[in-house]
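Here is a sequence with its predicted model. Questions after.
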Amino acid sequence: MARDADSTNPKRKGKRRRNRKPIRRGLRRPFEWLGIFLGMLVLANLSHRLLFALCDFMSAVMFFFDRKGRALALDNLRIILGEKRAPAVSAAPPARSENIIIRRSYRNMARTIGHVFWTSRRAMKRAGSVAAFSSRCLQVLAGNKPLVTVSAHLGCWEVLSQLVHLQGRRMISVAKDIGTPAMTELLMKSRKAIGQEIVHANGAFRPLYEGLRDGADVGLLVDQVVKPEDGGVWVEFFGRPVPVSVAPAFLAAKTHAPIVVAWSRPLKDGTYRCEYVNLYPWQKGTDIWRRTQDCICDLERVIRRHPSCWVLNYRYFRKTPNEKEARQLAERIEKYRRSCPS
């Protein structure tokens, strides 16, 4: 009876899952190293057409074997689409249209990762040959320096910062740990190949702040879970509470730099066009939370129109606010909606 009780205890289940994480990471690490070295040796030497063909094949393999990832992607997609489903219906298998979107999301993610390795050689020539800014983006760049560029894991998110650097501007981006420190450094080296600066997420504020003060642009992806104790704030994202970083709004407030929301749109011919979404000039007394919610709302609108371009198999909605945080968010959202023109 004691064993049965323990097996149904959610706290004990959670503890067992945490204890298994280091084991799974240890088993996965050799494959991660293999993937990185193959990427640097193989993908970097392919033509763009062959690169996409190989990435598309790998994404099909991942889609087939990643059962948990597919289920998570389906849940996220249904949240994006705003479907009100009963519990029994929400667990239903994906419709054909949903499967197509999820497959394309896997393909987009594989192509973006492949692009990182592909541009580790002849980076400036290659990045410039497959991507370009829209005319509106070029106007914003020409009229604003420095800029805090805000985007998401949407389209080919690496292209945006690469193109900024190709405009002759200094660009600083942020990287999180991936596997071991040595593995993270290896990937950062590939991303730095074009000349942009990459700083580690831990302790990133000071170099980002100093870079903006020196005239450098900063590129940040905000569709990641950042706990409040780590500098995050609760916002509403697709009608759900999600804690995200306030770094873009905070840096803009401190340095008086404008915020531009943009993304790189995949085109049918395999190239990318970086498109303007919104611009927020610095204003005295700007509310940090409100500006963060503004950026999230901008990205939400793009993702609703192009869900297959977003990384769907990420646990965006895994955190839940406590009672005080939920009440504060509800009050902020009510005030935010009242003040919005639309």
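Sure, I can see it.

what are the ranges of the strands in the chain?
With DSSP state E applied, the chain shows strands at 131-133, 148-151, 171-175, 197-200, 217-221, 232-237, 240-245, 259-266, 272-280, listed in chain order.

low-confidence ranges in the stretch 51-200 of the chain?
The model of the stretch 51-200 of the chain has pLDDT under 70 over residues 83-91, 177-186.

Need the strands of the chain in JSON lines (columns: mean neighbour count and distance to Ala53).
For the C-beta atoms, the positions are set from N, CA and C on the backbone; glycine is no exception. Formatted as JSON lines, the strands of the chain follow (neighbours: other Cβ atoms under 10 Å; distance: least, Cβ to Cβ, whole Å):
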{"stretch": "strand 131-133", "mean neighbour count": "22", "distance to Ala53": "19"}
{"stretch": "strand 148-151", "mean neighbour count": "28", "distance to Ala53": "27"}
{"stretch": "strand 171-175", "mean neighbour count": "22", "distance to Ala53": "28"}
{"stretch": "strand 197-200", "mean neighbour count": "18", "distance to Ala53": "28"}
{"stretch": "strand 217-221", "mean neighbour count": "25", "distance to Ala53": "27"}
{"stretch": "strand 232-237", "mean neighbour count": "22", "distance to Ala53": "34"}
{"stretch": "strand 240-245", "mean neighbour count": "20", "distance to Ala53": "35"}
{"stretch": "strand 259-266", "mean neighbour count": "25", "distance to Ala53": "15"}
{"stretch": "strand 272-280", "mean neighbour count": "19", "distance to Ala53": "17"}
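
Relative to Ala326, which of the ones you listed is closest?
Nearest to Ala326, of all those, is strand 240-245, at 6.7 Å by Cβ to Cβ.

could you give the angle of the closest one to strand 171-175?
In terms of direction (axes from the mean of the first three to the mean of the last three Cα atoms, to 10 degrees), strand 240-245 departs from strand 171-175 by 120 degrees.

which strands and helices sit next to strand 240-245?
strand 232-237, helix 288-305, helix 323-339 (3 or more Cβ pairs under 8 Å, 6 or more residues apart in numbering; DSSP states H and E).

Could you rerun that using 7 Å?
strand 232-237 (3 or more Cβ pairs under 7 Å, 6 or more residues apart in numbering; DSSP states H and E).

Now do stretch 70-86: everything it contacts.
Under the criterion Cβ atoms under 7 Å, 6 or more residues apart in numbering, residues 63, 90, 94, 98, 101-102, 105, 238, 240, 303-304, 307, 312-313, 315-317 lie in contact with stretch 70-86.

Can I get it as CSV, trimmed to CA atoms?
Presented in CSV, the C-alpha positions along stretch 70-86 are these (Å, rounded to 0.1, in the frame of the first residue of the first chain):
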residue,chain,number,x,y,z
ARG,A,70,4.6,16.6,-31.3
ALA,A,71,2.1,16.4,-28.5
LEU,A,72,3.5,19.6,-27.0
ALA,A,73,3.4,21.3,-30.4
LEU,A,74,-0.2,20.3,-30.9
ASP,A,75,-1.1,21.8,-27.5
ASN,A,76,0.6,25.0,-28.3
LEU,A,77,-0.9,25.2,-31.7
ARG,A,78,-4.4,24.8,-30.3
ILE,A,79,-3.7,27.6,-27.9
ILE,A,80,-2.5,29.8,-30.7
LEU,A,81,-5.6,29.1,-32.8
GLY,A,82,-7.7,30.0,-29.8
GLU,A,83,-9.8,26.8,-29.9
LYS,A,84,-12.2,26.3,-27.0
ARG,A,85,-12.1,22.6,-26.5
ALA,A,86,-13.6,20.3,-24.0
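
List the buried residues of that stretch.
Within stretch 70-86, the residues that count as buried by 16 or more other Cβ atoms under 10 Å are Arg70, Leu72, Ala73, Leu74, Asp75, Asn76, Leu77, Arg78, Ile79, Ile80.

Can you name the residues that contact Leu154?
Here Leu154 is in contact with Trp263, Leu299, Val302, Ile303, Cys309, Trp310 (criterion: Cβ under 7 Å, 6+ apart).

what about it, distance to Gln328?
28 Å (Cβ to Cβ, to the nearest Å).

since we're on Cys340, how many residues are nearby?
10 (other Cβ atoms under 10 Å).

Begin at 25 from now on, thanks
Okay, residue one is now 25; in that scheme the one you just asked about reads as Cys364.

related to what we said a few turns ago, so which of the contacts of Leu178 comes closest to Gly256?
The closest of the contacts of Leu178 to Gly256 turns out to be Leu323 (Cβ to Cβ; 15.8 Å).

Could you find the closest non-adjacent residue to the closest one?
Distance criterion Cβ to Cβ, 6 or more residues apart in numbering; nearest residue to Leu323, sequence neighbours excluded, is Ala176 at 4.8 Å.

Surely the one you found touches Gln248?
No - the criterion here is Cβ atoms under 7 Å, and Ala176 misses it with Gln248 at 8.7 Å.
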